[in-house]
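Peer 1: coords please:
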Amino acid sequence: MPTRPAVPAQYRPPSPTATRRTAFAEAVDRLRAATTTEPGRLRLIGAVLAVLIVAFGAVTAWQMTDRAAAADDVLHRSQPLSSGAADIYRSLADANTAASSGFLAGGQETAASRQRYETDIRTAAAKLVTAAANSEPGSPSEAAVTKLNKLLPEYKGLVERARVYNRQGYPVGGAYLRYANEKMQQEMLPAAEDLYTKENARLSSDYADATPYPWAAIVLGLLALAALAWAQLRHYRRTNRVLNHGLVAASAATVVTLLWLVVGHTFARAGLDDSYDHGVRSLNVLHDARIASLKARGNENLSLVARGAETVTVDGETYDAYYYDFDKDMTALGRGLTQAAALADDSAGSKPVQAAEGNMKVWKERHTDARTDDENGDYQAALDKVIGAKGATAECFDSVDTNLKNALAHEEAEFQSRATDGRDAMSGLPIGAAMLGVAAASGALFGIGRRLSEYR
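Peer 2: Okay, the predicted model is just below:
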């Protein structure tokens, strides 16, 4: 049978080429080959231990740095700004009250009343500067501060016009004061309340950042400890040696770091939680109560300024608008004092609140007498019972305001003390965790290195 002639090489189909292996596959093969020997396995164990320990130290440092920074913001930034926003509201409300008191006194306005008004206006302006400096550009807080900075001069101008006409005996002075009060009640105080709400939200956000447990760091620490325990058990089974000094040192450093992390953060969390429960909550309630008392006093004064010119209809009944608002404000004041008394956790905090409750009861009694005189047409008697030198509702208001101021000072000190304890419990932990992590990783590598030296 004839044979088929050979095909020339240039006409033969190309032979299939071998598939090129990836670098990752080659690395896996080399790693697999390395782990077939004890030195190779030891090197892999050392690398894994070092990575776990360093990751534990790094994540601990990172998470605790974030929490310590948030705790510091609670203490030195967000809570002071929240209190500053409350002071803006209080100063504006008190200025409005002082303006109406001075107006009622007419030409007999005292220097103290005038000074109180000017001090409140300056305080509000200064606090607005601080708030503007700490507001994020384009944020709602910045918008509220800008609005208040625009309205404050307008309000002052209206009050000054009311004063001028009042001293000259022109009834239009009362209209200007009522217009100034409308601007305060309908525009300025809502903007100040919005700023206060935004700063409280920032404070709550900082608390939320400072208090969660660092679970990622804790889990990594437990994994590192488990890996170190397994490495030492393996060492014991293969060499019958109880201790490897490097691995023992690494384990000790990891245990110290983990305990420091858990215990330190637990104490920090407890301190911050206490500062919120026995500081911030009480401060918020007391701020609200003080603002309610200021609004009640302003409405009490304005009811005499308006002389029944402003009315409101509720459920078919017509009331004097300012007397109606006064009753609502006194209800809010009583509710706030009850809450503040329940939150006070020592006598130093509860005594001024209890004193304010007693002042409020007398205030309501005296106000009822003054309102009766006003409704019966005895305006001068009502005026004397509201702004008189002795036995007037002004005394009760001043006592309520002073006692609430004292209660706020006490709760502010409580907050400062407990928040400082919480922040200090985390002091040094980020740096300490990083240093101990490096030391533990070095110990692990040293311990594995000693075993490797036995194969040379």
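Peer 1: For residue 38, give its distance to residue 245.
Peer 2: Computed as Cβ to Cβ, to the nearest Å, the residue 38 to residue 245 distance reads 20 Å. (Each C-beta comes from the backbone N, C-alpha and C, glycine too.)
Peer 1: Over to residue 208. Which of the three states is it?
Peer 2: What DSSP: H, G, I helix; E, B strand; the rest coil gives for residue 208 is helix.
Peer 1: Tell me which helix or strand the nearest residue to residue 349 once chain neighbours are set aside sits in.
Peer 2: Distances taken as Cβ to Cβ, 6 or more residues apart in numbering put residue 410 closest to residue 349, at 5.1 Å, once the chain neighbours are dropped. Assigned by DSSP states H and E, residue 410 belongs to helix 393-424.
Peer 1: List the buried residues of that helix.
Peer 2: Neighbour-count burial for helix 393-424, with 16 or more other Cβ atoms under 10 Å as criterion, is recorded at 393-397, 399-401, 403-404, 406-408, 410-412, 414-415, 418-424.
Peer 1: buried ones in the following helix or strand past that helix?
Peer 2: Sequence order places helix 429-453 as the next helix or strand after helix 393-424, per DSSP H and E. Residues of helix 429-453 classed as buried by neighbour count (16+ other Cβ under 10 Å): 429-430, 432-434, 436-437, 439-448, 451.
Peer 1: And stretch 260-279, by the same measure?
Peer 2: In stretch 260-279, counting by 16+ other Cβ under 10 Å, buried: 260-261, 264-265, 268-269, 271-272, 274-276, 278-279.
Peer 1: List of residues touching it?
Peer 2: Residues from elsewhere that reach stretch 260-279 (Cβ atoms under 8 Å, 6 or more residues apart in numbering): 60, 64, 67, 71, 74, 207, 210-211, 213-214, 217-218, 221, 343, 345, 411-412, 414-416, 418-423, 425-426, 429, 432-433, 436.
Peer 1: cool, stretch 180-195 as well?
Peer 2: Counting by Cβ under 8 Å, 6+ apart, 85, 88-89, 92-93, 96, 99-100, 131, 140-141, 144-145, 147-148, 151-152, 154-155, 158-159, 162, 298, 302 sit against stretch 180-195.
Peer 1: Tell me the buried residues within the residues you listed.
Peer 2: 85, 88-89, 92-93, 96, 99-100, 131, 141, 144-145, 147-148, 151-152, 155, 158-159, 162, 298, 302.
Peer 1: quick one: which of those residues sit in helices?
Peer 2: 85, 88-89, 92-93, 96, 99-100, 131, 141, 144-145, 147-148, 151-152, 155, 158-159, 162, 298, 302 (DSSP state H).
Peer 1: ok, residue 94 - contacts?
Peer 2: Contacts of residue 94 were listed using Cβ under 8 Å, 6+ apart, and they are 116, 120, 294.
Peer 1: if you set the cut-off to 10 Å instead, what comes out?
Peer 2: By Cβ atoms under 10 Å, 6 or more residues apart in numbering, residue 94 lies in contact with 87, 116-117, 119-121, 123-124, 290-291, 293-294, 297-298, 401.
Peer 1: Return a PyMOL selection command for the buried portion of these.
Peer 2: Selection of buried members from those for PyMOL, criterion 16+ other Cβ under 10 Å:
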select buried, resi 87+116+117+120+121+123+124+290+291+293+294+297+298+401
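Peer 1: which of the contacts of residue 94 lies closest to residue 234?
Peer 2: residue 87 (64.4 Å; Cβ to Cβ).
Peer 1: Kindly provide the distance from the closest one to residue 283.
Peer 2: With Cβ to Cβ as the criterion, residue 87 and residue 283 are 11 Å apart.
Peer 1: Could you do residue 212 as well?
Peer 2: Look at residue 212 and residue 283: by Cβ to Cβ, they are 23 Å apart.
Peer 1: How about residue 89?
Peer 2: As judged by Cβ to Cβ, residue 89 and residue 283 stand 13 Å apart.
Peer 1: ok, now residue 92?
Peer 2: Per Cβ to Cβ, residue 92 is found 18 Å from residue 283.
Peer 1: Please apply the same query to residue 192.
Peer 2: From residue 192 over to residue 283 the distance is 16 Å, taken as Cβ to Cβ.
Peer 1: what about the two, which has more around it?
Peer 2: Looking at residue 192 and residue 283 with other Cβ atoms under 10 Å, you find the greater number of neighbours at residue 192, namely 30 against 23.
Peer 1: what's the helix or strand for the more buried one?
Peer 2: For residue 192, the host element (DSSP H and E) is helix 189-210.
Peer 1: same question, residue 170
Peer 2: Counting by DSSP H and E, there is no helix or strand that carries residue 170.
Peer 1: What are the buried residues along the strand or helix carrying residue 53?
Peer 2: Using DSSP H and E, residue 53 sits within helix 38-73. Of the residues in helix 38-73, 40, 42-43, 45-46, 49-50, 52-65, 67-73 count as buried by neighbour count, 16+ other Cβ under 10 Å.
Peer 1: So what angle separates the directions of that helix and helix 189-210?
Peer 2: 160 degrees (axes from the mean of the first three to the mean of the last three Cα atoms, to 10 degrees).
Peer 1: Would you pull up how far helix 38-73 lies from the middle of the chain?
Peer 2: 30 Å (Cα atoms, centre = their mean, to the nearest Å).
Peer 1: what do you get for stretch 318-336?
Peer 2: Chain-centre distance of stretch 318-336: 31 Å, with Cα atoms, centre = their mean.
Peer 1: Over to stretch 437-452?
Peer 2: The answer for stretch 437-452 is 43 Å, by Cα atoms, centre = their mean.
Peer 1: can you dump the C-alpha coordinates of that stretch into PDB?
Peer 2: Output in PDB follows, covering the C-alpha atoms of stretch 437-452 (Å, rounded to 0.1, in the frame of the first residue of the first chain):
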ATOM      1  CA  GLY A 437       0.100  45.800  68.800                       C
ATOM      2  CA  VAL A 438       3.600  46.400  67.500                       C
ATOM      3  CA  ALA A 439       5.200  44.800  70.600                       C
ATOM      4  CA  ALA A 440       2.900  41.800  70.300                       C
ATOM      5  CA  ALA A 441       3.600  41.300  66.600                       C
ATOM      6  CA  SER A 442       7.300  41.500  67.300                       C
ATOM      7  CA  GLY A 443       7.000  39.000  70.100                       C
ATOM      8  CA  ALA A 444       5.100  36.600  67.800                       C
ATOM      9  CA  LEU A 445       7.700  36.900  65.000                       C
ATOM     10  CA  PHE A 446      10.500  36.500  67.600                       C
ATOM     11  CA  GLY A 447       9.000  33.300  69.000                       C
ATOM     12  CA  ILE A 448       8.500  31.800  65.500                       C
ATOM     13  CA  GLY A 449      12.000  32.900  64.600                       C
ATOM     14  CA  ARG A 450      13.500  30.900  67.500                       C
ATOM     15  CA  ARG A 451      11.700  27.800  66.200                       C
ATOM     16  CA  LEU A 452      13.000  28.400  62.700                       C
END
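Peer 1: now the helix holding residue 410 against helix 38-73, angle please.
Peer 2: Relative orientation of helix 393-424 versus helix 38-73 (the same axes, to 10 degrees): 170 degrees.
Peer 1: That'll do, ta.
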